Structure formats: C-alpha cells, structure tokens
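[1] For reference, the sequence and a predicted model appear below.
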Amino acid sequence: MGDAAVFHVGDAAVQAQLWRTEGTFASTTPLTPVMGGISELSNFGGLAWFMVRDSATQSTLWRTDGTAAGTFQLGPMSIWQATHFRGMPFAVLPNGDLLFSGALIANDWELWISDGTI
C-alpha cells in the first residue's frame, strides 16, 4: 500500500471503522463506514486483510488495497460467513495465496484459501 498505513478506530469487538493515512491530517481518511468489530488486521501481498465481526458468532473476511473502492468483503455472505475464526494468524503461501481457518458450521473447522479475489 505504498506509504500508507491502514488502521481501525473503535471497539474491535463491537464497532469499528477502517482508516488509512500517509502520516498527515490531510491524508487521513476513512475506508469503510462504521461496521462490526474489526480484528486480525494483517498486511501482506500489498493488501491488508481483516475480519469483520457481523454478530456475536459470525465474522467475514475482507481485504483492502488502501482505497475505499479496493476495500470489500471476499465472496457473498453465504460462502464466506463463518461462525468463528480461530486464533491462527493468516498465513501467506509461497504463491501469495492467503491461508486461514474457519467454520461454516459450529465446530466444523476447515482450512480456507484465497488468492485475494472473489
């Protein structure tokens, strides 16, 4: 994301908003509206990846390239919605794909992979 830093403001467990900055007041802008709690913010592959908690038990995977237009949820809710995401940090495979664990059904953990596209 070049010289920009991405961060979230708010209560990570309840409501938060994703922002970007290049270190000046003028360059600091929101990337998302206020949404569910944001967690697991990680930067790799030129993108920032993060989880958005939609409810007490459901989270979705998002990514950003540091622009509002490049900030979106990966896949439709019915595919990417998960009851929990384990504490396993995101991992990047040698080919650049993102590896993480999640469950569509409670206690039915699986490894998931994404190349950053929907």
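    Cool, got the structure. Numbering: from 1, shown residues only.
[2] tell me the contacts of the residue nearest to Asp115 when sequence neighbours are not counted?
    Distances taken as C-beta to C-beta, 6 or more residues apart in numbering place Asp97 nearest to Asp115, at 5.1 Å, with adjacent residues excluded. Yep, even glycine has a C-beta here, placed from its N, CA and C like the rest. Residues counted as contacts of Asp97 (C-beta atoms under 8 Å, 6 or more residues apart in numbering) are 113-116.
[3] Any chance of JSON lines for those, columns neighbour count and pLDDT?
    As requested, the contacts of Asp97 are exported to JSON lines (neighbours: other C-beta atoms under 10 Å; pLDDT from 0 to 100):
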{"residue": "Ile113", "neighbour count": "11", "pLDDT": "82"}
{"residue": "Ser114", "neighbour count": "17", "pLDDT": "79"}
{"residue": "Asp115", "neighbour count": "11", "pLDDT": "79"}
{"residue": "Gly116", "neighbour count": "14", "pLDDT": "72"}
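[4] Phe90 versus the residue nearest to Asp115, what's the distance?
    In this view, Asp97 and Phe90 are 11 Å apart by C-beta to C-beta, to the nearest Å.
[5] So which residue is dead centre in this structure?
    Centroid-nearest residue in the chain, with C-alpha atoms, centre = their mean: Phe50, separated by 1.8 Å.
[6] so where's this structure uncertain?
    Counting by pLDDT under 70, the chain shows low-confidence ranges at 12-13, 55-57, 75-89, 102-108, 118.
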